[in-house]
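**Q** Got a sequence here, can you model it:
(3 chains)
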Amino acid sequence: MTTQTTTADTPHTTTTDERTGLIALPPHIARATATAGGALTVVSAFLAWTWTPAFPGDLTYYGYPGGLQWLVLIGGALTALFGLASYGIKGTRWLVPAGADSAIKLSALAAFVTAWYTVIAISVQLGGVINLEPGGYVVALATLAALIGALALPFERPQLLPADPEDAGWDQFKHRAGNQWATTKAAFATGPIAPARRLPGYAEILIITAVLALGLTVFTYGIGTEYDELFLGFLMTAGFGFAALNKAGLIARVSLLTARHRNVAMIGAFVAAAAFPFTQSDDQYATIGVNILIFATVALGLNIVVGLAGLLDLGYVAFLGVGAYAAAMVSGSPSSPYDVHLPFWAAILVGAAVSMIFGVLIGAPTLRLRGDYLAIVTLGFGEIFRITVLNLDGTSGPDVTNGSNGISSIPNLNMFGFDFGAVHTIGGFTIGRFANYFFLMLLVTLIVVVVFRRSAESRIGRAWIAIREDETAALAMGINGFRVKLVAFALGATLAGLAGAVQAHVTYTVTPEQYQFAHVVPPNSAFLLAAVVLGGMGTISGPLVGGALLFLIPNKLQFLGDYQLLAFGVALVLLMRFRPEGLIPNRRRQLEFHENEEAPATLTKAGA
Amino acid sequence: MRQRSLLILTAVLTTGALSLTACGSRDDKGGDAAAGGGTTVVIGVDAPLTGDLSALGLGIKNSVDLAAKQANEKKYVDGVTFKIEALDDQAQPSSGQQNATKLVANKNVLGVVGPLNSSVAESMQKVFDDAKLVQVSPANTNPALTQGQDWNDGTKKRPYASYFRTSTTDAIQGPFAAQYLFNDAKKKKVFVVDDKKTYGAGLAATFKAEFVKLGGKVAGEDHVNPDTKDFSAVVTKIKNSGADVVYYGGEYPAAGPLSKQIKASGAKIPLIGGDGIYSAEFIKLSGKEGVGDLATSVGAPVETLPSAKEFVENYEKAKYKEAFEAYGGYSYDSAWSIIEAVKKVVDDNGGKLPSDARTKVLDAMKGVSFDGVTGKVSFDEFGDATNKQLTVYRYEGNAWKPVKSGTYTG
Amino acid sequence: MNELPQQLVNGLLLGSMYGLVAIGYTMVYGIVQLINFAHGEIFMTGGFGALTVWLILPGGTTLWLALPLMIIGAIIVAVTIAVGAERFAYRPLRGGPRLAPLITAIGISLALQQAVWAWYPGATSSLTFPEIPGGPFHFGSVTIQTGDIFLLTAAPLSMAILGYFVMKTRTGRGMQATAQDPDTAKLMGINTDRIIVVAFALGAAFAAIGAVAYGLKYGEVNFRMGFILGLKAFTAAVLGGIGNIYGAMIGGLALGLAETLATAFIADIPGMQQLGGQSWADVWAFVLLILVLLFRPQGLLGERVADRA
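**A** Sure, this is the predicted structure:
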């Protein structure tokens, strides 16, 4: 391996005018093929793809797309739009501030993957390609053409090093694979973003509103997908589509806008979230919605501990449990040993306070030690919490938690005469029980977000980050490490307690087996940690997005069944290997993880 | 110019995407009525279909499926085709609750079989009760589900009118074992062990109460963590307590090794448990040392009931991948009780489903009575099974053999 | 009849098993400061490796002949997985932030557990493990099972071999050097990458021996046996002083004794009747861990208090 350093000094530079695509086609033909392919894809979505309604979604209509056809249509439309934009057609140039080519590639990929997935799924499920109508062939060919055209678009070839001929076969293979990977990465790379013209404030806010509405739509659509195929298609289209928008530079544009109007964006996001129950006709998806909120909010609380202060808490779900149990015991439930019925504001405070006490009790002895001890102690605490709760049933311990039966029949909340258990009608919309709790939970989420933001930007937040980055240096600068860490740990516990108090009321019952280290059903400690890591440590939107994804994917893909946890474990390993900064990286962390590579394009404009 | 086109395009994209949600689901509701020309009635199933308890859950699902198929084959209810919709609750209350709302939202669902775990039932009951949707559990043993939190103090109050069960409660199975041990097997000194789970702790508590009432002596008591297999400390305590029998409230994964370790320590005393250990797995895990161990299970032995034999035959014929396990029979009976109720509602309405079918089915459940896999199936005023037939089995050779079958009387 | 001698033996047996598994944690941590959460699962795969060997051997093979082969099988499986995890999952993350390998370890742990659950035939429930024939041995009021004999011999023997290896061999001294200062060790010509692999492999080998002992003692193996035991073993390593191989065994014994004695005798203390029994044993073990961390954070035998984080 060491011999390679000598060859590195004389690289075979490929000159920059050698701009070719991954597939050899003249650039103008490639561009035309991609754009026309995208347009044809849109048209083909209006054709019948199969003859029988046996395939879910009933893709048998002409002129009336359904289910997966809509997703392919969006992919095709994006491809065509980016294609037009790449010709510089007036009015479309704003679509591609960072260059169109890699956006075309990714959106063509989105349409291709979704379309071919559908076509193959039809053939496999119904037994043979014979089940495809002409529309099925058209869409397959159109998306293929678009993809070939897109991949033939020229791009800046990276400078590659030839393999050392003296190396063993395996090393040569590795080297070649590395080169291919570099080329592929370069094919999807994108240029710097052209500076945006400053729009008047109202226009920017309007755009934010539109983006939020779009976000709500995408989310509502995802949560409401009724069958596995549609959800998979949704994931493919949304994933590649989002990547395409990102490469086009639109995401960076929007984040610039939201950064400029932070409060507007935040309030807007909450209004959009609050609008979710109004898009639903029954409680089916509101139930999922409120559970996503609980999970994502707890993940955000954990992000204070893990993301900001850098403390690994492996038993975080126990604090949720402590809060849930504490609130349930004072809720007036008949199975609570305490015959008290506090109003909800008091119950939620009790939940948070008890959680905080446990946080301090666990944190105080361990936070003085090295970080790794905290991991094992919190992991132990998570298990001990469950065992202790099981034991405190009056037989093998004092009667506190009612053992494995848990605290059940928790009465519905009633605040200011508003019965959370009943169905209400607001402005013609029916709001069911779970939608009521959705609003309540949203309020808690708002509190957690505000607490996170305020504390992260305060003196103590900077101290957390300093401790996380270099504890020794931070201590030398006069930060009281133990106290600062204890505050983070206890604050995290308190926020989990808040969420727990609501969770207890939503599910009517708290039982020990809801709070485990790892289980297929979120929330549990492993999934919470994964939500933080997947989303992005130290950010607000990261755990929210990560939480929503980690909740929806196992919930929707029931066919994964027994392989869910296996897939989850493998995904965790791969994630750490290839994108340790998460989907929505914190700027500082992204730099840290990729210091050897050139700074990502989004950072060049980060001064705003 | 540029600004305006940007705004317009954004607006167009957004409205386009918004209308997508509306259109995307155009065809999802209409499909059900078409199948087979008649009315389709869906029986929901909620059970853990994945994870540690999936064997039991899949047994429940298959048995309900078998009931639906049999009803369709026999054209048991004229003009009605039964379908099942099986949802996975992964043994978690929050998942069960989401499934409950999903089943409530599907207007063709007229009854639900499940869940396996009492804690999951807790989170579902109210959702189903609000929708007047019948729920029949084949496996919940916690008496509080039907008789209220204070059942033990004599004040029984049914919390939810829509909840029924075909399984027996701890309040019957535990005392039955106590009576058998004290009166028939002449055991006077028992060591009670449980695993602190809903099923095990409940069973051990009712057993102990009855055994003491009969005049037996409790030589000792312990609670184990079923995830660890090292019971040596407990076994030493059992051996030194001089007990002549061990009652274990819990399931076979821990009961097997416990029985084996008790015998290996030199204490040659039998272990007895509930239907949680009445499984071939127990025999495998306890090894040949376990011979002589006892288990109680609900219903008469399969060989003596023609309906049970028929169920076993049909189940084998249907070639399910998984065995019907401990709760297969109850699940079949649960599903069949819903089918009976639907039949009554349809017959009373002149061969058609009424518009308020759910409420009608709920009313009809109270009068359901038929000979099921586990014996006579009907429900008392709390929604509990009236069948109180139980059987004691002994591990002999390499299988469970019935030794005494009887009816539990208060 | 006096329970105490038997309970002491029970505790020592349980503790030896914790100790065998704890060695893996302590060696890896001592050298790369990584809590290898997947170690409990490596222990579990060792058990399944041994069982596989037993199943493919022709029926009727006596256990005395099969046992060495089973141990070898267990070691091969466990070491392969441990070294593979080190090479492909942990090594690329070395030098990165400290959280990354920990999360990777959790991922590996879940994946291994579920892979065995899903793909090993019949592993969805416990699988029976062969037993050593022959009755239990009685010494006064103490009874020792045949299955325990293996553990009683394997634990001290393994410790002796390990002690010799670390103190006397070149690789062993390299390990000590790497543990003290990896950069300097590298400068002195020690191939630290290789040392780390050796640490993972040795830890896995001891875990595999522990897994065979587990199978023989309890007569079964199951896909979840590694999680709780791994947790306990790590606690044992911390108790004994993490980084110290003798500490791992001492910590294991202390933990095993604490659990057993808590199960047996806490209920006899007036006022604590309800807090005894096996269901509380884990809680008492946890309390012990917290107490040790409070009053002797370096562990029972640990010396290093310097923070190299």
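**Q** Could you see whether chain B lies near the helix or strand hosting residue C:252?
**A** Using DSSP states H and E, residue C:252 sits within helix C:245-265. Yes: contact of helix C:245-265 with chain B (C-beta under 8 Å from any C-beta of the partner chain) involves C:259-260, C:263-264. To be clear about C-beta, it is placed using only N, CA and C from the backbone, and glycine gets the same treatment.
**Q** Could I get the full set of strands for chain B?
**A** All strands of chain B, identified by DSSP state E, fall at B:39-47, B:80-88, B:109-113, B:134-137, B:163-165, B:189-194, B:217-223, B:245-249, B:271-273, B:294-298, B:370-372, B:375-377, B:389-396, B:399-407.
**Q** For chain A, which of the ones you listed is the nearest?
**A** In terms of C-beta to the nearest C-beta, the element of the strands of chain B nearest to chain A is strand B:217-223, at 4.7 Å.
**Q** how far away is residue B:141 from residue A:160?
**A** 68 Å (C-beta to C-beta, to the nearest Å).
**Q** tell me what whichever helix or strand residue A:328 is part of is packed against?
**A** Assigned by DSSP H and E, residue A:328 belongs to helix A:316-329. Packing contacts for helix A:316-329, counted by 3 or more C-beta pairs under 8 Å, 6 or more residues apart in numbering or on different chains; DSSP states H and E, involve helix A:284-303, helix A:344-366, helix A:371-391, helix A:481-507, helix A:525-535.
**Q** The first one to helix A:525-535, inter-axis angle?
**A** What it means is helix A:284-303. Calculated by axes from the mean of the first three to the mean of the last three C-alpha atoms, to 10 degrees, helix A:284-303 forms an angle of 80 degrees with helix A:525-535.
**Q** Determine whether any part of helix A:284-303 lies close to chain C.
**A** No: shown here: helix A:284-303 not in contact with chain C (C-beta under 8 Å from any C-beta), separated by at least 12.3 Å.
**Q** Please see if that helix touches chain B.
**A** Yes: residues of helix A:284-303 contacting chain B under C-beta under 8 Å from any C-beta: A:284, A:286-288, A:291.
**Q** The fourth one too?
**A** Yes: judged by C-beta under 8 Å from any C-beta, helix A:481-507 comes into contact with chain B at A:503, A:506-507.
**Q** Please apply the same query to the shortest one.
**A** No: under the criterion of C-beta under 8 Å from any C-beta, chain B is not reached by helix A:525-535; the shortest gap measures 12.0 Å.
**Q** Would you mark the buried spots in that helix?
**A** If you call a residue buried by 16 or more other C-beta atoms under 10 Å in any protein chain shown, then helix A:525-535 has these buried ones: A:525-535.
**Q** Check the longest one too.
**A** Residues A:481, A:484-507 are the ones in helix A:481-507 that count as buried (16+ other C-beta under 10 Å).
**Q** Enumerate the residues of the stretch 51-200 of chain C near chain A.
**A** Selection of the stretch 51-200 of chain C residues close to chain A by C-beta under 8 Å from any C-beta yields C:89, C:92-93, C:96-104, C:106-115, C:117-118.
**Q** which residues touch the residue of the stretch 301-410 of chain B found nearest chain A?
**A** Nearest residue of the stretch 301-410 of chain B to chain A, counting by C-beta to the nearest C-beta: residue B:322, 12.3 Å away. Residues near residue B:322 by C-beta atoms under 8 Å, 6 or more residues apart in numbering or on different chains: B:55, B:58-59, B:62.
**Q** With chain A in mind, check whether the helix holding residue C:252 reaches it.
**A** No: shown here: helix C:245-265 not in contact with chain A (C-beta under 8 Å from any C-beta), separated by at least 11.8 Å.
**Q** okay, residue B:141 and residue A:160: which has more neighbours?
**A** Remark: of residue B:141 and residue A:160, residue B:141 carries more neighbours, 26 against 18, as counted by other C-beta atoms under 10 Å in any protein chain shown.
**Q** Good, wrapping up.
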